[in-house]
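**Student:** This is a predicted model, with the sequence first.
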Amino acid sequence: MKVAVIGAGTMGKVHLNCYQKMEKIEVVLCELDQQKREEISRLYRIDSTGDYQQVLAADFDIIDICLPTYLHQEYTIKAARAGKHVFCEKPIALNEEAAWNMLSVCRENGVKLGIGMVLRFYPEYRALRQRYQEGLIGEAGVINGFRGGGGYPRGWNDWYADEQASSSLVVDLLIHEVDFIQWVFGDVRRVYAKRKCSAGRSGEDKFEIYSTIFQLENGVLVNLDGSWYDEGGFHSWLEVAGTDGLIAIRPERSIPIKTQFNSILGAEVAVPASPLTKTPFQLELEDFVEAVQQDRPPGVRVEEAIKALRVTLKMYQSAQLGEVIDVKGGQSR
């Protein structure tokens, strides 16, 4: 199977590395920046091109789009119309209309569309989902989480700092937890968000912090914070409090997930770090490759990725208006 990775930024290099570890996958890079393209091509010992039209005309099975969010719709539609299956990094698009358009064109051309909601492929998060579904902590009541840290991300042309190109931290970063929470615990009913953002117009002098609270349709309350300003470096955590106990994911600790039950002894059931040699990114890409080979739906449905996008856009709107926003409506196709 032949795959073309479009874009040699951080995620492009991650995906290239994953494909090279898969059997019977031939991967090629498409990158506009000649110096970067040549450096990555030498490093990974792969062919490369700076011409996307050349990629569309070639016999690639999958086009993997690792470009800034504002380019996702354009490059996905071009690939689909060329008859290529598409894997696109999250978030799927800047708005719902663009996302539904991407899915519609892929359907019309008989190609599959996969979206990089990678949190679902982390062993500790899958373990949390399994243990919750087994009823080990009873019914969920409160969920708390955080994602972020480190400096403000710098991308091509500093696109993260341009909200017309990135839709801010809440859409680009917290969409991971929103997708996972809805996958496991149910849809979001309403959201409220507060935001602190510096006046700086570039990643060099900008910081952004979000504090959000939202309620699920089943009444579960979620407190989710995000930041691109934290001296402790990038980290994330999630905890779920239920009627019978607590499940907590703390990836920075030696035991990334543990379950604590309400008992006299305070017994804990610990699950050690995953022994798997494959990264979550490789697992999600393997899932999409298999979906193409076996003609089955990808593990993450596009409609679910769009639903997560809808919630994060409502968070962004709430922070702008200072109001509680109902998560209703939206298209359904």
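**Tutor:** Ah, there it is. Numbers count the residues shown, from 1 in each chain.
**Student:** just checking, V3 touches D59?
**Tutor:** No: V3 is not in contact with D59 according to Cβ atoms under 8 Å; the separation is 11.5 Å. Heads up, the C-betas are built off the backbone N, CA and C, glycines and all.
**Student:** Please say which of these two ends up with more neighbours.
**Tutor:** Between V3 and D59, counted using other Cβ atoms under 10 Å, V3 has the larger neighbour count: 25 against 7.
**Student:** wait, is the more buried one part of a strand?
**Tutor:** Yes: residue state for V3 (DSSP: H, G, I helix; E, B strand; the rest coil) corresponds to a strand.
**Student:** who are the neighbours in contact with it?
**Tutor:** Contacts for V3 (Cβ atoms under 8 Å, 6 or more residues apart in numbering) come out as Y19, I25, E26, V27, V28, F60, D61, I62, I63, D64, V289.
**Student:** Now do it, the pLDDT please.
**Tutor:** Note for V3: predicted pLDDT of 98.
**Student:** Bridged to it, which residues?
**Tutor:** Beta-bridge pairing for V3 (DSSP bridges): V27, I62.
**Student:** next one: A193
**Tutor:** A193 has the following beta-bridge partners by DSSP bridges: T212.
**Student:** I'd assumed S318 was in contact with it.
**Tutor:** Yes: using Cβ under 8 Å, A193 makes contact with S318 at a distance of 4.3 Å.
**Student:** Weed out the non-buried ones from the contacts of V3.
**Tutor:** Neighbour-count burial (16 or more other Cβ atoms under 10 Å) applied to those gives Y19, I25, V27, V28, F60, D61, I62, I63, D64, V289.
**Student:** Per the annotation, how does this protein divide into domains?
**Tutor:** Under automatic domain parsing, the residue ranges defining each domain of the chain are 2-116, 120-280+309-326.
**Student:** who wins for proximity to Q293 among the ones you listed?
**Tutor:** Taking Cβ to Cβ, domain 2-116 is the member of the domains of the chain nearest to Q293, at 9.0 Å.
**Student:** how far does that closest one sit from the chain's center?
**Tutor:** Relative to the centre of its chain, domain 2-116 is centred 16 Å away, using Cα atoms, centre = their mean, to the nearest Å.
**Student:** Ok, stretch 239-249 next?
**Tutor:** Worked out by Cα atoms, centre = their mean, stretch 239-249 lies 23 Å from the chain centre.
**Student:** Buried residues in that stretch, which are they?
**Tutor:** Along stretch 239-249, these residues count as buried under the neighbour rule (16+ other Cβ under 10 Å): E239, V240, A241, G242, G245, I247, A248, I249.
**Student:** Assign a three-state SS to the second one, would you?
**Tutor:** Right, V240. strand.
**Student:** mind showing which ranges of the stretch 151-300 of the chain have poor pLDDT?
**Tutor:** Along the stretch 151-300 of the chain, segments meeting pLDDT under 70 span 151-162, 164-167, 198-207, 230-232, 252-276.
**Student:** What segments of it are strands?
**Tutor:** Applying DSSP state E, counting those that start in this stretch to the stretch 151-300 of the chain gives strands spanning 188-197, 208-216, 221-227, 230-242, 245-249, 257-261, 268-271.
**Student:** Find the centremost residue of this protein, please.
**Tutor:** M117 (3.6 Å; Cα atoms, centre = their mean).
**Student:** In terms of secondary structure, what does whatever helix or strand R147 lives in contact?
**Tutor:** With secondary structure defined by DSSP states H and E, R147 is part of strand 140-150. Where contact means 3 or more Cβ pairs under 8 Å, 6 or more residues apart in numbering; DSSP states H and E, strand 140-150 is packed against helix 175-185, strand 221-227, strand 230-242.
**Student:** who's in contact with the first one?
**Tutor:** The reference is to helix 175-185. By Cβ under 8 Å, 6+ apart, the list of residues contacting helix 175-185 from outside reads 90-91, 117-120, 125, 128-129, 132-133, 140, 143, 145, 147, 188, 216, 218, 220, 222, 224, 236, 238, 240, 300, 304-305, 307-309, 311-312.
**Student:** so what's G148 bridging to?
**Tutor:** Beta-bridge partners recorded for G148 (DSSP bridges): S227, H235.
**Student:** Report how many residues lie close to it.
**Tutor:** 20.
**Student:** can I assume it is in contact with L224?
**Tutor:** No: with contact defined as Cβ under 8 Å, G148 does not count as touching L224 (10.6 Å).
**Student:** sorry, back to before: and A193 and S318? which has more neighbours close in?
**Tutor:** Ranked by neighbour count (other Cβ under 10 Å), A193 and S318 place A193 first, with 27 against 23.
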